[in-house]
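Colleague: here are the coordinates; sequence isn't available:
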Ligand code: GLU
């Protein structure tokens with residue numbers, strides 16, 4: 001199972017009845033990982049047989065959500081491929097033909113416009129799931145509620161549309177899918193699908209069901225736990241790289257303590273056999289940690305492109321500065337901020353003085369005592385942080401009972417409006433002498 005074969009073909013088969021949510025993104029990602037790990041193919045198939053709830057807009061959002069996560073597909077409705085069409089609504093003839101064949105062979109019967117597959121008793125429809133192991137089921141288990149009658153399987157509904165269990169079998173077979181990787185809520189459908197594979201005389205693919213994703217309260221992840229669609233995370237400032245990394249760790253680990261990885265690294269390390277059965281818990285702290293690590297590791301200009309939109313959204317005039325200045329500002333932040341949005345909030349003072357004024361009004365400050373200090377600071381021939389700090393230190397030691405923070409804190413507030421910032425002399429150097437002068441003068445400190 002751990003051997004690499006390049007004929008692996010897997011698929012993600014969303015119904016376009018909503019945005020790409022965490023569970024769907026997770027399933028898509030595990031399929032992608034398995035395809036890339038094996039140099040196989042990742043197929044996108046749109047299961048749009050629910051004509052009322054399916055829309056082209058949702059299909060688009062699902063696709064762009066996948067693109068955002070970095071999950072590229074090799075065959076799909078937009079790019080085609082050798083086994084299309086890739087939208088179920090365009091495959092109705094295929095479903096009809098096989099259903100007629102089953103009727104002709106006496107394996108299915110008509111009930112009005114519908115076609116129903118006959119379930120024969122005494123059939124072993126057990127299977128070995130790559131993740132969940134042996135699942136024992138007899139066809140006798142498929143009974144009508146509170147009845148002895150075996151429950152036959154509707155394959156074509158009276159409106160002419162195929163049912164999920166039937167269409168998925170026809171498609172997985174005709175698209176040459178080798179591994180069906182999907183949420184564990186489909187385990188109970190698998191035996192029915194196996195019956196259909198057999199009736200059609202087709203080889204049954206391998207199955208790997210993925211553990212459920214729970215909120216921290218151990219309940220199935222839902223809106224109550226916060227954002228459930230992938231795009232909400234983008235809008236909160238999470239990076240696609242970290243979202244990818246985080247989702248990959250829901251129910252899988254590389255085996256050592258390695259938790260931060262890129263897509264190619266994850267694809268190399270991924271093993272279906274290492275997926276756990278235990279439900280995975282969606283832990284925001286972990287997502288934040290992962291996002292922070294990815295933000296830190298980014299190229300400064302790429303990091304800037306992540307943060308800039310949030311400054312703009314906050315109404316800050318980014319175009320007053322060079323990209324170099326802005327990117328260096330973020331480098332100075334040295335990993336502060338767990339998301340691009342937080343990073344933008346924590347560093348807004350580099351972009352503009354306005355938010356500083358809004359946060360701090362210098363109330364209760366002994367300005368007369370501070371003024372000579374700032375005057376001395378501005379007499380520095382060089383506007384370099386080492387030099388500024390040296391001046392500050394000698395000033396403090398010349399004042400009876402004075403401490404560095406008595407001067408550094410007002411300086412920090414006047415420049416940033418915040419209690420916490422990177423080294424304040426480094427901030428001052430980076431902002432430049434003139435900008436610092438403007439801010440200190442505004443507060444009457446110079
Ligand atoms: N359209 C089904 C779903 O979204 C696909 C299930 C499967 O992968 O077989 O749940």
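Modeller: Structure's in. What do you need? Only a predicted model underlies this, so the values are computations on that prediction, with no experimental measurement involved. Residues are numbered from 1 along each chain as shown.
Colleague: so after the lengthiest helix in the chain, what's the next helix or strand?
Modeller: Looking across the chain with DSSP state H, the single longest helix is helix 22-37. The C-terminal neighbour of helix 22-37 among helices and strands, as given by DSSP states H and E, is strand 41-44.
Colleague: that older thread, where's the longest helix of the chain relative to the chain centroid, distance-wise?
Modeller: Here the centre of helix 22-37 is set off from its chain's centre by 11 Å, with CA atoms, centre = their mean, to the nearest Å.
Colleague: do stretch 419-436 as well
Modeller: For stretch 419-436, the distance to the chain centre is 35 Å (CA atoms, centre = their mean).
Colleague: List the contacts of it.
Modeller: The contact list for stretch 419-436 (CB atoms under 8 Å, 6 or more residues apart in numbering) reads 325, 328-329, 332-334, 336, 349-350, 353, 378, 383-386, 388-389, 392, 408, 411-413, 415-416. Where you see a C-beta, it was placed from the backbone N, CA and C, and this is true even at glycine.
Colleague: quick one: average pLDDT of that stretch?
Modeller: Mean per-residue pLDDT for stretch 419-436: 97.
Colleague: So for it, what gets flagged as buried?
Modeller: By 16 or more other CB atoms under 10 Å, the buried positions in stretch 419-436 come out as 421, 422, 424, 425, 426, 427, 428, 429, 430, 431, 436.
Colleague: Now do the end-to-end distance for it.
Modeller: Terminal residues of stretch 419-436 lie 17 Å apart, using CA to CA, to the nearest Å.
Colleague: what do you get for stretch 380-390?
Modeller: For stretch 380-390, the end-to-end distance is 10 Å (CA to CA).
Colleague: Which positions within it qualify as buried?
Modeller: 383, 385, 388, 389.
Colleague: Next one, pLDDT for the residue of the stretch 51-200 of the chain found nearest the ligand please.
Modeller: Per CB to the nearest ligand atom, residue 182 is where the stretch 51-200 of the chain lies closest to the ligand, at 3.5 Å. On the pLDDT scale, residue 182 is placed at 98.
Colleague: so how far is residue 297 from residue 327?
Modeller: Using CB to CB, to the nearest Å, residue 327 is found at 15 Å from residue 297.
Colleague: Please identify which of these two sits among more neighbours.
Modeller: residue 327 (20 against 13; other CB atoms under 10 Å).
Colleague: Now do stretch 301-310: everything it contacts.
Modeller: 237, 239, 295, 298, 318, 323, 326-327, 330-331, 340-341, 343-345, 347.
Colleague: Now with 7 Å, please.
Modeller: Outside of stretch 301-310, the residues within contact range by CB atoms under 7 Å, 6 or more residues apart in numbering are 237, 239, 295, 318, 323, 326, 327, 330, 340, 341, 343, 344.
Colleague: which among the residues you listed gets closest to residue 116?
Modeller: residue 239 (49.3 Å; CB to CB).
Colleague: Measure how buried the closest residue in space to residue 53 that isn't next to it in sequence is and give me the count.
Modeller: Nearest residue to residue 53, sequence neighbours excluded (CB to CB, 6 or more residues apart in numbering): residue 17, at 4.1 Å. Using other CB under 10 Å, residue 17 is surrounded by 15 other residues.
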